[in-house]
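Undergrad: sequence and predicted structure, then a few things I'm wondering about:
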Amino acid sequence: MSTESMAPVSNTDTLDDLDEFRRRAKEFLRAEVGPARASLTAGLRKLGTDEDDLREVAHDRALQRTFFDAGFAGITVPVEFGGQGLTRAHQLVLNEELEGYDYPVRLQVPTMTPCMAVLLEFGTEQQKLTHIPAILRGEELWMQFLSEPSGGSDVAGALMSAVRDGDEWVLNGSKVWTTGAWWSDWGLCLARTNWDVPKHRGLSVFIFPIDAAGIEIQRIEMLNGNMDFCQEYLDDVRVPDSDRVGGVDDGWTVGTRWMFHERMSSNSPFVTRPQELERSSLDGAALRRIARDGGISGTDAAQELVGEGEMLTLVGSALGRRVGQGMRTGTLSDQSAAIARLYGGLSLVRRNTIALELAGSAGAAWSDDDGELALRGEDFLMRQASCIGGGTTEMASNVIAERVLGMPRERALDRDVAFRDVPRGPAPEEN
Amino acid sequence: MLLEPIEDQAFLRDTTAKFLADAAPPQVLRTLRDDEAGFDEAYWRQGVELGWTSLLVSEEAGGGSVSGDGLVDLSLIAHEFGAAAAPGPLAPNAVVAGALARSGGHDEVVAGVLSGGTLVSWAIDEDAHNVAAMPRLFRFRIEGTELVLDGTKRLVESANRSDYLLVTGVTPGGITQVLVATDAAGIEIRPMHTVDLTRRFSVVTFNNVRVPLDAVVGSIDTAAEAVKLQRRQAIVIANAESVGAMQRAFDLTLEWTFDRYSFGRSLASYQAIKHRMASMKMWLEASHAIADDAAAAVAADSPRAEKLVRAAAAYIGEYGSELMQECVRFHGGIGVTYEHDLHLYLRRHTLNRALHGTPAQHRRRVAVELDLESAVS
Ligand SMILES: Cc1cc2nc3c(=O)[nH]c(=O)nc-3n(C[C@H](O)[C@H](O)[C@H](O)COP(=O)(O)OP(=O)(O)OC[C@H]3O[C@@H](n4cnc5c(N)ncnc54)[C@H](O)[C@@H]3O)c2cc1C
């Protein structure tokens, strides 16, 4: 399909246009997209076998293709790259209409944002023409090769090394905690290209297919049995210079925007998912079902917890919209995305606690016919994931304090020191 | 508070903020502690001229809003009230004026409230543990062409200064509201103690108080919906005030962390403090967001209004208190002195946290609303 045929009917942001778009979106969803899958809100649970997981991934890819063919993929992506060239308002309309419908969940984060967002901002024309239409068609699932075994919060301390060899770069090192790398296609990777300058000045960003020669993927089991976490070992992986994103040694410029796009994923103009997604993951209605299946929904104590869960959900969605609006219009700083990130992490922790409380003894042991009480104990074991993934809540707090409130930066002992000389562990004990 | 008020709203907000800064600075608030009245008549009249009591009254009835959404406009004023911990019975006068104008029939009283010459309040709550419920104990007896009021109401704001009270009670077929002059025979007003320096509440006892049937607001037995709306509006105002108070306390505290040094560096440079400030900023922005959502929902009479307004009250009540008291803590010893301004805002927030129900009570109401939603769908 040529990109021309994807041209929007109109790209003026008039109310009429939005109404017409809404009508078309409703019609498309009703005719071609089924109801929401249970797995959409399952998060990091282990649901089935590897085959089941791969079937879900294939389903997401096909669904993405359906959205693409109907003109509902890449709403805000320029037409020349296969998108619709429409506005953020159109994306919001689609997200509103999506409530209750299935959608290609695995294609959104990290593929559409931060990966595609980073490509759109820093990629070469050729990179964009090659990958963005493929992403929008569901053919390329992208992953972030950011965290390393030596440290994820100190992102700029990456040790993955890239050494130039003619027109190619040779990558060596290890990335870790990559969700879903085993079923994905491409990676966006931060690597060190210069060890003789302070850490932020010696990084570069590369892209490569995850099945490239020299990459070994090892799956990591999470404490609840989920096997989507991966560690990747890169051994002399050769990447053409044309697959470098941004300038040599200027990877931190890309990196800061990368992390910005990650933090604001819930407000991203590139993400297609139900507007009220917060709602479907342990909102008041879900918590009430737990109370009901536990036979305690009439008690004051249960009502209070259900009400708290719903309160936290409603506040989260109001806050998300406020932060989104503020960043769009410049009334809040771009760094305010960290406020919603902090809230999201803490709120989900609390809602998991409420779920465990409502589940009663089923939090300790459950049987298959315990309905909504099942798995609450296991979810509780994993509840800190919402405060770690996508950058920890401590890092979000640092951003809010330092970038939003302007409080002094933490003292860094690696500033103005060649990265090669920066301590990377406790000093060896002298004896 | 709204991130992007329209120009007229911003003007309304700014004029109130400026007026309050001049007329009710902290040193004045402190002197009002021992003043039985709680506020000064000239102050109230000037404030009323800025639109404090007219926003819930339709244009035909002499009121009018600047944005078309009077309650949202009023929430901007209430935000400034909270930020200044300002004196004066804003909520009862604005809400009762709106209620009277909607029902019709008390034009003179409405005109008086709109000019600031008449003060009104409302008498809804009856016992300490069941605030925010419909009246249960307070009954109206109909005797010929008169209604007879017998019973006790609590938390009647500025009753000592009010000319009329909108009293809610039970009649045989439902809920009824009547407007009663405070100088009617048989009314006894006893002042209550309160956490706020400038707000005044009373217990009002009605001993065989007789009013003509035409004192009924709306019609007999049919006031339940009107009462619900009044309560929602009052909570919206209380929420906005609380968020204003939180904003002021937060701003004072942020500044303080930069100015106060310990161990050779500013408090603001310690991560323990920075992370707590980040949490407070999160509570603050979340409170702004949910307060605005609730105000808009009540203004639009959305089916989600009750749920949102209760969720907002629960969240702001609970997390706002955390914020306020962390502010006190970060000020160290000076934070618990009468001399420092912080407690003015802590008081206002604490008052509002309890006035229309506790956070736990509001959370239970949120759950009840959820149950109703699912029964409908
Ligand atoms: C569900 C999930 C999915 C993930 N998906 C991906 C992915 O797809 N790709 C990817 O690259 N990574 C992914 N991650 C990794 C994630 O980004 C990192 O785990 C995270 O950034 C934390 O890094 P770390 O694990 O190295 O912890 P560390 O950086 O070692 O931090 C350990 C602890 O110290 C705290 N800490 C560190 N520095 C500071 C500081 N300056 N001030 C205060 N506290 C500090 C941290 O907050 C944390 O509590 C995922 C993680 C999870 C849980």
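TA: Arrived safely, thanks for sending.
Undergrad: for the chain, which spans come out with low pLDDT?
TA: In the absence of a named chain, this looks at chain A. Judged by pLDDT under 70, chain A has its weakly predicted residues at A:1-15, A:41-42, A:277-280, A:430-431.
Undergrad: um, chain B though
TA: By pLDDT under 70, the weakly predicted segments of chain B are B:131-132, B:377.
Undergrad: return the residues in contact with the most centrally placed residue in it.
TA: For chain B, residue B:238 is the residue whose C-alpha lies nearest the centre (CA atoms, centre = their mean; 3.7 Å). By CB atoms under 8 Å, 6 or more residues apart in numbering or on different chains, residue B:238 lies in contact with B:78, B:91, B:313, B:352, B:355-356. Every C-beta, even on glycine, is put in place using the N, C-alpha and C of the backbone.
Undergrad: how near is it to residue B:185?
TA: Between residue B:238 and residue B:185 the computed distance is 33 Å (CB to CB, to the nearest Å).
Undergrad: number of residues surrounding the residue in the stretch 101-250 of chain B positioned nearest to the ligand?
TA: Residue nearest to the ligand within the stretch 101-250 of chain B (CB to the nearest ligand atom): residue B:250, separated by 22.0 Å. When neighbours are defined as other CB atoms under 10 Å in any protein chain shown, residue B:250 has 21 of them.
Undergrad: what of residue B:300?
TA: By other CB under 10 Å, neighbour count at residue B:300 equals 13.
Undergrad: could you do residue B:304 as well?
TA: 16.
Undergrad: please enumerate the helices of the stretch 251-400 of chain A.
TA: For the stretch 251-400 of chain A, applying DSSP state H, counting those that start in this stretch gives helices covering A:251-263, A:277-280, A:284-293, A:300-329, A:337-359, A:376-381, A:393-399.
Undergrad: end to end on stretch B:116-127, go ahead and measure it.
TA: This stretch, stretch B:116-127, spans 30 Å end to end (CA to CA, to the nearest Å).
Undergrad: list the buried residues in it.
TA: B:116, B:118-126 (16 or more other CB atoms under 10 Å in any protein chain shown).
Undergrad: now stretch A:294-305
TA: Under the neighbour-count criterion of 16+ other CB under 10 Å, stretch A:294-305 has A:294, A:296-297, A:302-305 buried.
Undergrad: looking at those residues, spot the one nearest chain B.
TA: Nearest to chain B among those: residue A:303, at 4.1 Å, using CB to the nearest CB.
Undergrad: wait, the closest one sits on residue B:362?
TA: No: with contacts counted by CB atoms under 8 Å, residue A:303 stays clear of residue B:362, the gap being 11.5 Å.
Undergrad: so where do the strands sit in the stretch 251-377 of chain B?
TA: B:261-262, B:265-266 (DSSP state E, counting those that start in this stretch).
Undergrad: got a list of contacts for the last one?
TA: Contacts to strand B:265-266, defined as CB under 8 Å, 6+ apart, come from residues A:408, B:257-260.
Undergrad: please name the bridge partners of the residue of the stretch 201-350 of chain A found nearest the ligand.
TA: The minimum distance from the stretch 201-350 of chain A to the ligand, using CB to the nearest ligand atom, falls at residue A:229 (6.9 Å). Using DSSP bridges, the bridge partners assigned to residue A:229 are residue A:220.
Undergrad: hmm, it is touching residue A:182, no?
TA: No: Residue A:229 lies out of contact with residue A:182 (CB under 8 Å); the separation is 9.4 Å.
Undergrad: find the residues that touch each one of the two.
TA: Common contact partners of residue A:229 and residue A:182 (CB under 8 Å, 6+ apart): residue A:219.
Undergrad: from chain B, how far out is the closest residue to residue A:383 other than its chain neighbours?
TA: Distance criterion CB to CB, 6 or more residues apart in numbering or on different chains; nearest residue to residue A:383, sequence neighbours excluded, is residue A:352 at 4.0 Å. Taking CB to the nearest CB, to the nearest Å as the measure, residue A:352 falls 17 Å from chain B.
Undergrad: who wins on neighbours among the contacts of residue B:238?
TA: residue B:313 (33 neighbours).
Undergrad: assess the claim that it and residue B:236 are in contact.
TA: No: proximity of residue B:313 to residue B:236 does not meet the contact threshold set by CB under 8 Å, at 9.1 Å.
Undergrad: intersection of neighbour lists for these two?
TA: residue B:294.
Undergrad: residue 127 - nearest residue in space that isn't next to it in sequence?
TA: With no chain named, the answer covers chain A. Nearest non-adjacent residue to residue A:127, counting by CB to CB, 6+ apart: residue A:119, 6.0 Å away.
Undergrad: wait, chain B
TA: Distances taken as CB to CB, 6+ apart place residue B:154 nearest to residue B:127, at 6.9 Å, with adjacent residues excluded.
Undergrad: do you know how far that neighbour is from residue A:82?
TA: For residue B:154 relative to residue A:82 (CB to CB), the value is 66 Å.
Undergrad: what about the residue of the stretch 201-350 of chain A closest to the ligand, how many residues nearby?
TA: 18.
Undergrad: hang on, isn't residue B:252 packed against residue B:344?
TA: No: applying CB under 8 Å as the test, residue B:252 and residue B:344 come out as separate, 10.4 Å apart.
Undergrad: more neighbours, these two?
TA: Neighbour tally, residue B:252 and residue B:344, criterion other CB under 10 Å: the higher count belongs to residue B:344, 22 against 16.
Undergrad: relative to the ligand, how far out is the more buried one?
TA: 34 Å (CB to the nearest ligand atom, to the nearest Å).
Undergrad: that residue against residue B:87, yeah?
TA: No: contact criterion CB under 8 Å: residue B:344 and residue B:87 do not qualify, at 10.7 Å.
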